[in-house]
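Enquirer: Let's see this in three dimensions:
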Amino acid sequence: MQENRVDSPNDAGPHLHAHTAPTTQQMRTVGQRRRDAEEKLEHHLQEARQKDHPHGAEPSPDQPHTDGD
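Expert: Below you'll find the model as predicted:
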């Protein structure tokens, strides 16, 4: 009986969407979500850096970090 369902004209198969190109709107949505996620990540990284250096003494990127050794 399962053969009838697979051969049905209404069944496009499980892999149809994997081989079709995304629409322009889908690509824009993905791009916007990615930008939002990157912005959120940067915000979290800045918060983490501030927790490491609570007195605003954030080391500059070209200076190595020292633990006061």
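Enquirer: Determine the set of other helices and strands touching the stretch of helix or strand residue 43 belongs to.
Expert: When elements are defined using DSSP states H and E, residue 43 is found to belong to helix 24-52. If you count contacts as 3 or more CB pairs under 8 Å, 6 or more residues apart in numbering; DSSP states H and E, helix 24-52 packs onto no helix or strand. Just so you know, the C-beta spots here come from the backbone N, C-alpha and C atoms, and that holds for glycine as well.
Enquirer: could you give the mean pLDDT of it?
Expert: What helix 24-52 shows for mean pLDDT is 96.
Enquirer: for residue 21, phi and psi?
Expert: Main-chain torsions, residue 21, degrees, to the nearest 10: phi -80, psi 140.
Enquirer: Against residue 29, how distant is it?
Expert: Distance, residue 21 to residue 29, by CB to CB, to the nearest Å: 14 Å.
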